[in-house]
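1. this one's sequence-less:
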DNA sequence: CCGTACGTTCTAATATTTCCGAACGTTCGG
DNA sequence: CCGAACGTTCGGAAATATTAGAACGTACGG
C-alpha cells in the first residue's frame, strides 16, 4: 500500500516539476494529501516527505494560494491541517486566469508599448520598415487577443474553437 | 526605432521567462527575429543581444525545435540564417501536444501505475482505505482524461467546452 | 500572565540552470 | 588537399532556485 502511495507521490511530483506551474515538492505534497482521507498536519507532511518544516511551510502556502490545498482548523489542536482540494475545474480556472491569461496580457502590453514607441519614433524609420513593423505587431496582437478571448470564454463555460486562431495570418 | 525593437525584445523575453516553456533568452531571440524583415545570422543575433555564440546556438536550436524559428540557407553564404515563424496556430498546437498533453499523460500514467500497485497490495489494505484510494484515483483519472480529450479536440479544430470538466466530482 | 507548541522568516548550504570561452569537427572556396 | 569560416560541444564560472536549521513572533492552555 505505502508502495502505491509512494509511486503516486513521486509520479505527481515529476509531473509537477515539468508543469511550469508547480515545483516537484509542491507536486509531492499535493500527491500525498490527495490520497489521504483525513487532513495532515505540517509535521506529518514533513515526516512523510522527509523535508524540513520551513521548506514544507512555504510550499504548502503556494499550494493554498493556487486553491490546490485547503487549510483546516481542527478543534482541540493548535496545529494547522491541510487537505487536497478536489475541485479540479476550479483549480484549472485559477491557472488559466492567473498564469495563462496573465502571460498573454504581458504579450499584449509589450505589443502596445512597442507600438507607442514606434509611433513616437516614426520619423527615424524608413517607410517600409515602419509598415513592416506595424503589421508584425498587429499580427501578434490579434493572435494574442484571440487567445485571451478564447480562454476567457472557455473559463466561463462557453465553447472555445480554434477557428479564429487558425484564421490569423501574419505578413511575411 | 531601435528603442521600439528593444522594448519588444525585452518584453517578449520577460513573458517567455514566466511562460514555463521558453526561457528569457529564447524569448528575446524570438522577439528580435520577429521584428526583422530579413533572416539574421547567428553572429548578428549574438551582437544584437550581447550573448555568446554558444549560448545563442543552443537556444536558437530550442526555438527551431518548437517550430518558432526556421533555419534559412542563403545562397552565397556559409552562415545559417534564422527567421521567426509566424504561424502562431501551428506553434500553439505544437505546445499543446508536446508540453500540455504530454504533462497530462504523465498524470494518467502515474494514476495507472498507482492503481496497479494498489490492486497488487490490496490485501494489506483496510477495505475503507482501499475504496477511498480507488475512488480518488478514478476521480483524477477521469478529469485528466477529459482534459486530454478536450485538448485533442481543440487542436483538431473541434470546439472545446468546459462542461465535461465541470461535471467531474471527486469523492470527499 | 507564563511557558510551550506552533508556523514563519532569515541566513547559509546545496543543487540546478544559465552562460561564456576554448577546443573541436565539418564544410566549402581556393 | 589546405585553410579559414562556421556551428557545436565541453568544462567550468556565475546566477538562480531549492532546501535545512536556527531565530523569531504569536497564541493558546494552564
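-> Everything's here; your move. Since the structure is predicted, the reported quantities are computational estimates derived from the model, not experimental observations. Numbering: from 1, shown residues only, chains lettered A, B, ... in the order given.
2. Tell me the gap between the longest helix along chain A and the middle of its chain.
-> Here the longest helix in chain A is taken by residue count, with DSSP state H as the criterion, and it is helix A:127-155. Taking CA atoms, centre = their mean, to the nearest Å, the mean C-alpha location of helix A:127-155 is offset from the chain mean by 22 Å.
3. which parts of that helix are buried?
-> Burial within helix A:127-155, assessed by neighbour count using 16 or more other CB atoms under 10 Å in any protein chain shown, is assigned to A:130, A:132-134, A:136-137, A:139-148, A:150-151, A:153-155. No exception for glycine: its C-beta is placed from N, CA and C like everyone else's.
4. tell me the mean pLDDT for it?
-> Averaging pLDDT along helix A:127-155 yields 94.
5. cool, stretch A:161-171 as well?
-> For stretch A:161-171, the per-residue pLDDT averages 93.
6. Over to stretch A:54-73?
-> Along stretch A:54-73, the predicted confidence averages to a pLDDT of 96.
7. is that stretch anywhere near DNA strand C?
-> Yes: using CB under 7 Å from any atom of the strand, a contact is recorded between stretch A:54-73 and DNA strand C, made by A:54, A:57, A:58, A:60, A:61.
8. Chain neighbours aside, what residue packs nearest to residue A:105?
-> With CB to CB, 6 or more residues apart in numbering or on different chains as the criterion, residue A:105 has its nearest non-adjacent residue at 6.9 Å, and that residue is residue A:148.
9. which residues does that neighbour contact?
-> Residue A:148 makes contact with A:101, A:104, A:105, A:108, according to CB atoms under 8 Å, 6 or more residues apart in numbering or on different chains.
10. Quick one: buried ones out of the residues of stretch A:54-73 next to DNA strand C?
-> Burial by neighbour count, 16+ other CB under 10 Å: within these this picks out residue A:60.
11. where does residue A:40 fall, phi/psi-wise?
-> Note on residue A:40: its backbone torsions stand at phi -110, psi 150 [degrees, to the nearest 10].
12. If you tally nearby residues, what's the number for it?
-> Each residue near residue A:40 was counted by other CB atoms under 10 Å in any protein chain shown, and the total is 22.
13. Please verify my assumption that it contacts residue A:34.
-> No: contact status for residue A:40 versus residue A:34: not in contact, 11.0 Å apart, counting by CB atoms under 8 Å.
14. Quickly list what's touching both of the two.
-> Taking CB under 8 Å, 6+ apart as the contact rule, residue A:40 and residue A:34 touch no residue in common.
15. which residues sit in contact with residue A:104?
-> Taking CB under 8 Å, 6+ apart as the definition of contact, the neighbours of residue A:104 are A:144, A:147, A:148, A:151.
16. Any chance of the residues of stretch A:54-73 next to DNA strand C in JSON lines with secondary structure as columns?
-> Listed next are those as JSON lines, based on DSSP: H, G, I helix; E, B strand; the rest coil:
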{"residue": "A:54", "secondary structure": "helix"}
{"residue": "A:57", "secondary structure": "helix"}
{"residue": "A:58", "secondary structure": "helix"}
{"residue": "A:60", "secondary structure": "helix"}
{"residue": "A:61", "secondary structure": "helix"}
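17. near DNA strand C, which residues of chain A?
-> In this structure, chain A approaches DNA strand C at residues A:41-43, A:53-54, A:57-58, A:60-61, A:77-80, judged by CB under 7 Å from any atom of the strand.
18. And the furthest pair within these?
-> Distances among the residues of chain A next to DNA strand C were taken as CB to CB; the most separated pair is A:58 and A:77, at 21.6 Å.
19. What ranges does chain A have for its strands?
-> Ranges of strands within chain A are A:40-41, A:69-73, A:80-84, based on DSSP state E.
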